[in-house]
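Undergrad: okay, here's the prediction I keep looking at, along with the sequence it came from:
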There are 2 protein chains.
Amino acid sequence: MKPTLRAVAEAVGVSRSTVSNAYSRPDQLSSELRERILEAARQMGYPGPDPTARSLRRGFVGAIGVLFTSRLSYAFTDPFAVRFVTGVAEAAERHDSSLLLVPLPPDAAGARRAVENAAADGFCVYCTGGEEGILDTIRRRGLPFVTTSSRPRADDRWVGIDERAAAHSVAAHLVDLGHRRVALLGHDVLPRAETGLLRVADVTDVPHPTTRERLAGFADAFATAGVAWSGLTVLTAADNTRDAGAAATRALARMPEPPTAVLAASDVLALGALDALREQGEWGPQVSVTGFDDIAEAATAGLTTVRQPAEQKGRTAAELLLDPPEDTRAGQILLPTTLVVRTTSGPVPRS
Amino acid sequence: MKPTLRAVAEAVGVSRSTVSNAYSRPDQLSSELRERILEAARQMGYPGPDPTARSLRRGFVGAIGVLFTSRLSYAFTDPFAVRFVTGVAEAAERHDSSLLLVPLPPDAAGARRAVENAAADGFCVYCTGGEEGILDTIRRRGLPFVTTSSRPRADDRWVGIDERAAAHSVAAHLVDLGHRRVALLGHDVLPRAETGLLRVADVTDVPHPTTRERLAGFADAFATAGVAWSGLTVLTAADNTRDAGAAATRALARMPEPPTAVLAASDVLALGALDALREQGEWGPQVSVTGFDDIAEAATAGLTTVRQPAEQKGRTAAELLLDPPEDTRAGQILLPTTLVVRTTSGPVPRS
DNA sequence: TCCAGTTACTGAATCGATCCAGAAGGGCGG
DNA sequence: CCGCCCTTCTGGATCGATTCAGTAACTGGA
């Protein structure tokens, strides 16, 4: 067994408090004694105060948790998520805090347990589906948190973008280009993970809050332009992945009157859509495609999209958590978005 | 203040042990009493056993630490690192373990403190520079760990590839194509972070173990082919980033007899080299470039490289940590690598 | 010389649980 | 009816530190 602080104290012949002070409050004892203590500790192989015991007594851990709805391994696959975490990490680092990444199992009970068992001083909640239950669990623990995706309560800390307005901006761009027959591509559009076509029925039923807002924003733009919702098609991807985006998009080829544009709810899906369209011979590449997020690959692919500041979002979230503003009302921060027009969007082809 | 387990016990009129059992050992009490306890807890807003206290008493945390030498935010920028963590996350998930990401400050003392304070049951040590000091600190804490990069001690758990042989294979590929005047591109080649040209002096002096092995492997191939080391040039990138790779490569243009190929120690650097060469008018694009790792962008860029199974490396590392083989000698796992020839390597141009 | 003010250190209480030996009560075979 | 086992629950010790009020010795100013 490793020696404890107590053992060191006994070896040196001082009280435990003094040994503790040697580590955490050097000014509380003579530097001579301190040296003697540290030397003895070294000799005995004492690794310093146990982090867990220290946390218990001190009442805080020194780590912030980042909650992901989906599996952790998936989280790292999503470029936007990675950039978000990068931002969180950056801020955490500045505050000498570690990062505890917590994957939330899909079932509510498991998710609750995960949050209850996480040794963290607070949480950044990254874009989850069944968010409310999770926030409640955090509240029960009495820990602070920052959300990013769904509509926050008035007194919750939050950082995000105006999803709906941002989505509106890309859609309006397509409308301006003359597109009227358009497919909206989102993941998790229906509770059951169906893939394929759907008529736009009631977007408010979409369970995933971010997707819902974005689809609503898309729909807004068409409504404004007088395009009937019935002219729109919704493609449901099984996942927010490139492959799922491609798979969902392939359904278009089977339509009698295929759309002239695909409006995706994320860049990842949009890239998938491009993949699928490229397979479609001459017709495919003529279809306009837009994304959302502006991940790195978007630039390479020439994807028209809406940029949101991913790292900044993460950084701001962590900052909001680690050193909260005096004024509670300053706890909700809206980040700007920009429409980035590249080469994947263009006027409706004449033919 | 949140109620504690003790408060719940008093409210229900049972002992603390019983409440504890209600949460962690349902078979130790009648289900009727258990229900009563949980109900009372719910009423009082008791969030369940405190993770820190539980960890202290139980003697383990339920999280594995991943140690990064560089800043956390940088770690997420490196595609290879991200894939490695993805693998670790996957395995951790299977074992119901959280991930604690621990950035190690560049200074030895800070790094030691970070390791001493990390609340984890064991560590995956991702490719660090001053690795030995860190491993010692972990050993002092008596915690298990798995390394990936440097040469392990006989009884350390380790997962990795034969860096030198793998590096040899790309270099041999270039030799076969006729290249004789070649630049080796690595980061952190010298202790002081110099950028620019260097003659190959003594590769064994390179501080970063992985870079050292790879450069050595490159050199091997040329030695075998009878190419004098003096024919080789070493480019030192300040960082393992695309930009740093590009910056280092620009020095080539100033050489009287520029190399016909650039052998990079990582894909990230290689992509940077390609960027730089593309700027160089007609000469640049003729230079062959090879990378190392086979990250996703490598395929897109047509980069010739050596593939190593990144996710698998992470997964194996975590697996080795979380459920170690009976036989200690099975604790060192060598993963396979493959030479992937694409379009950035070709024969020496005639001119 | 005396008292106030520092400095250096001690001891007991505490953080919030889990563990373990053991007690009380019920069921059952002999 | 006794003894044994099983189930259900209890109390106290314990995990490894930190905190805080308090003691003792020393310093310095009047």
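TA: Yes, it's here.

Undergrad: need the contact partners of stretch A:160-175.
TA: Contacts to stretch A:160-175, defined as Cβ atoms under 8 Å, 6 or more residues apart in numbering or on different chains, come from residues A:147-149, A:182, A:210, A:213-222, A:224-225, A:227, A:261, A:263, A:265, A:288, A:290, A:292, A:304-306, A:308, A:313, A:333-337, A:339, A:341, A:345. Every C-beta, even on glycine, is put in place using the N, C-alpha and C of the backbone.

Undergrad: out of the residues you listed, which end up buried?
TA: Taking 16 or more other Cβ atoms under 10 Å in any protein chain shown as the criterion, what is buried in the contacts of stretch A:160-175 is A:147-149, A:182, A:210, A:213-222, A:227, A:261, A:263, A:265, A:288, A:290, A:292, A:304-306, A:308, A:313, A:333, A:335, A:337, A:339, A:345.

Undergrad: among those residues, which are in strands?
TA: Residues of those located in strands (DSSP state E): A:147, A:182, A:261, A:263, A:288, A:290, A:305, A:306, A:333, A:335, A:339.

Undergrad: run through the bridge partners of the third one.
TA: Residues in a beta bridge with residue A:261, per DSSP bridges, are residue A:182, residue A:288.

Undergrad: so it touches residue A:286, yeah?
TA: No. In this structure, residue A:261 is not within contact of residue A:286 by Cβ atoms under 8 Å, at 9.9 Å.

Undergrad: could you give the bridge partners of the residue most central in space within chain A?
TA: Against the mean C-alpha coordinate of chain A, by Cα atoms, centre = their mean, the closest residue is residue A:126 at 3.7 Å. Applying DSSP bridges to residue A:126 yields these beta-bridge partners: residue A:68.

Undergrad: identify the residues contacting it.
TA: Taking Cβ under 8 Å, 6+ apart as the test, what residue A:126 contacts is A:66, A:67, A:68, A:69, A:75, A:81, A:84, A:85, A:148, A:149.

Undergrad: tell me the two of these that are most distant?
TA: A:85 and A:149 (14.7 Å; Cβ to Cβ).

Undergrad: what does chain A have sitting close to DNA strand C?
TA: Applying Cβ under 7 Å from any atom of the strand, we find that chain A lies next to DNA strand C at A:13-18, A:21, A:28-30, A:33, A:53, A:56-57, A:59.

Undergrad: swap the cut-off to 6 Å and go again
TA: Residues of chain A lying close to DNA strand C (Cβ under 6 Å from any atom of the strand) are A:14, A:15, A:16, A:17, A:18, A:28, A:29, A:30, A:33, A:56, A:57.

Undergrad: adding pLDDT, write these out as TSV.
TA: TSV is the format used below for the residues of chain A next to DNA strand C (pLDDT from 0 to 100):
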residue	pLDDT
A:14	96
A:15	96
A:16	96
A:17	97
A:18	97
A:28	92
A:29	94
A:30	93
A:33	96
A:56	97
A:57	97
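
Undergrad: and which of the residues you listed is nearest residue B:95?
TA: Looking across the residues of chain A next to DNA strand C and measuring by Cβ to Cβ, the closest to residue B:95 is residue A:56, at 24.1 Å.

Undergrad: distance of that closest one from residue B:52?
TA: To residue B:52, residue A:56 is 5 Å away according to Cβ to Cβ, to the nearest Å.

Undergrad: neighbour count for these two, which is higher?
TA: Between residue A:56 and residue B:52, residue B:52 has the larger neighbour count (other Cβ atoms under 10 Å in any protein chain shown), namely 23 against 19.

Undergrad: contacting residues for residue A:334?
TA: Contacts for residue A:334 (Cβ under 8 Å, 6+ apart) come out as A:160, A:161, A:162.

Undergrad: that one pairs with what?
TA: Note on residue A:334: beta-bridge partners by DSSP bridges are residue A:160.
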